Structure formats: C-alpha cells, structure tokens
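1. I would like the atomic coordinates for the input below:
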Amino acid sequence: GIMTLWATVRYLHRYGMVGRFLLARMIYTDGINTIFAFGGLYAAGTFAMSLPDVIMFGILLNVTAGFGAFAFGWLDDRIGAKGAILLALCGLVAMGVPLLLVESVGWFWVFGGGLGLFVGPAQAASRSLMVRLAPAGMEAEMFGLFAVSGKATAFLGPWLVALLTAQFGSPRIGLGIVIPFLVAGGLLLLTVRVPASGENGAGR
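-> Coordinates of the predicted model:
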C-alpha cells in the first residue's frame with residue numbers, strides 16, 4: 001500500500017488539477033481541524049466556560065455540522081461541489097471573524113452554531129469533488145492521497161495557534177490564524193478546473 005501511494009505521488013504532476021485541489025484542501029482542512037481542536041479551549045479561556053458548557057459547545061458544533069452537510073446536499077447538485085466548498089468557506093470566514101471578536105458569551109454561542117453549519121458542507125463537498133477529479137481507474141489511489149492530505153500538515157494549525165497565543169498573549173489572535181488558512185485554501189481552489197459532465201477525470 002505504501003509503495004502504491006508513493007508511486008501515485010511521483011506521478012501526481014501528470015494530474016495537475018488533482019494535485020492543486022489536494023493542496024487547497026490540505027490548507028483549508030488545516031483551518032477547519034484547528035477550529036475543532038481549539039474551539040473548546042478558546043471558549044474556556046476567553047469566556048470562562050465550564051467543562052459541561054464546553055462539552056455542550058462541542059456537541060453544538062457537531063450537530064450543526066451534520067445538519068449543514070445534509071441541508072447543503074441539494075446545493076452540491078445545483079452548483080457543483082467546487083461551488084459548494086467555496087460557499088462553505090465563505091460562510092466559515094463570515095462566522096469565524098465575528099466569533100473571534102465578540103465579547104458576549106451569548107453571541108459566541110450564536111456564531112459558533114453558525115460556524116458549524118458550514119463545516120459539514122465543506123467536508124462533504126470535498127469528497128464529492130474528489131470523485132469528479134479522480135482519473136478513471138485511479139479512484140482508490142487518489143482517495144488515499146485525499147486522506148493523507150487531510151493529515152500531512154495537521155500539526156501546522158495547532159502549532160501556529162500556540163505560537164501566536166504565546167507571542168501576543170491573546171487566544172483571539174492565536175485562533176485567528178484559521179482565517180488565513182480558509183481564505184488561502186479557497187483562493188487556490190478557485191484555480192481548479194472541474195471537468196465537465198462526461199469528461200474522464202480532471203487530469204491537467
């Protein structure tokens with residue numbers, strides 16, 4: 001399996017759009033994963049939320065993420081997976097910026113729930129787009145890379161959060177690093193050409 005994965009990586013340059021999408025997905029997924037990894041710590045440190053409240057906040061994020069993925073299913077069909085991902089990333093930024101700025105715990109819950117609505121669609125539509133981009137006969141190899149791309153740099157977001165929080169003494173600034181991740185991933189995704197219906201993978 002490792003040899004097959006390495007061989008796929010070596011020849012990935014032949015499938016430029018796939019590689020570009022995997023890089024974009026790696027970047028914005030780092031931002032999303034960092035939100036889930038540090039959301040509870042941010043809530044406890046910034047708003048002095050109790051452990052039961054932090055657990056409830058985590059449940060809220062997961063419930064709204066599931067609901068968002070279900071509700072956005074029709075949007076994937078209408079505008080395509082790429083459009084659904086871009087819309088979800090815009091929603092994450094639109095909810096994430098005020099989430100980092102609010103002083104009221106009530107508004108934190110509101111924007112936190114709104115943020116969760118766009119997490120599920122970004123993840124679900126990413127898998128859908130991978131199906132559209134994968135060259136025929138290479139679906140298994142490409143989804144292997146898809147899985148690796150979601151974990152290869154998973155350390156980067158949390159490391160930057162810790163670094164910036166220690167540097168500036170502010171968890172708001174620290175967690176704020178997720179916004180550039182989401183924006184950069186979305187901008188790179190804009191350059192990915194999705195094959196028209198009937199085409200065989202995205203290739204170059």
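2. from here on, just use CA atoms for contacts and neighbour counts.
-> OK.
3. how about residue 50, nearest residue that isn't a chain neighbour?
-> Nearest residue to residue 50 in three dimensions, chain neighbours excluded: residue 44, at 6.6 Å (Cα to Cα, 6 or more residues apart in numbering).
4. and the one you found, what does it touch?
-> 50-51, 54 (Cα atoms under 8 Å, 6 or more residues apart in numbering).
5. mind telling me what element it is part of?
-> Using DSSP states H and E, residue 44 falls within helix 16-47.
6. okay, buried residues for that helix please.
-> Within helix 16-47, the residues scored as buried using 16 or more other Cα atoms under 10 Å are 16-35, 38-43.
7. relative to helix 16-47, how tilted is the helix or strand hosting residue 91?
-> Element membership for residue 91, per DSSP H and E: helix 73-101. Using axes from the mean of the first three to the mean of the last three Cα atoms, to 10 degrees, one finds that helix 73-101 and helix 16-47 are set 40 degrees apart in direction.
8. how far out from the middle of the chain is the host helix or strand of residue 64?
-> In the assignment (DSSP H and E), residue 64 maps to helix 51-71. Helix 51-71 sits 16 Å away from the centroid of its parent chain (Cα atoms, centre = their mean, to the nearest Å).
9. next, the angle helix 16-47 makes with it.
-> 150 degrees.
10. pull helix 51-71 out as PDB, backbone CA atoms only.
-> C-alpha atoms of helix 51-71 as PDB (Å, rounded to 0.1, in the frame of the first residue of the first chain):
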ATOM      1  CA  LEU A  51     -16.400  22.000  31.300                       C
ATOM      2  CA  PRO A  52     -20.100  21.000  30.800                       C
ATOM      3  CA  ASP A  53     -20.600  24.100  28.700                       C
ATOM      4  CA  VAL A  54     -17.500  23.400  26.600                       C
ATOM      5  CA  ILE A  55     -18.900  19.800  26.000                       C
ATOM      6  CA  MET A  56     -22.200  21.300  25.000                       C
ATOM      7  CA  PHE A  57     -20.500  23.700  22.700                       C
ATOM      8  CA  GLY A  58     -18.600  20.700  21.100                       C
ATOM      9  CA  ILE A  59     -21.900  18.900  20.700                       C
ATOM     10  CA  LEU A  60     -23.500  22.000  19.100                       C
ATOM     11  CA  LEU A  61     -20.600  22.200  16.500                       C
ATOM     12  CA  ASN A  62     -21.100  18.600  15.600                       C
ATOM     13  CA  VAL A  63     -24.800  18.700  15.400                       C
ATOM     14  CA  THR A  64     -24.900  21.900  13.300                       C
ATOM     15  CA  ALA A  65     -22.100  20.400  11.000                       C
ATOM     16  CA  GLY A  66     -24.200  17.300  10.400                       C
ATOM     17  CA  PHE A  67     -27.300  19.400   9.700                       C
ATOM     18  CA  GLY A  68     -25.400  21.700   7.400                       C
ATOM     19  CA  ALA A  69     -24.000  18.800   5.400                       C
ATOM     20  CA  PHE A  70     -27.500  17.400   4.900                       C
ATOM     21  CA  ALA A  71     -29.000  20.700   4.000                       C
END
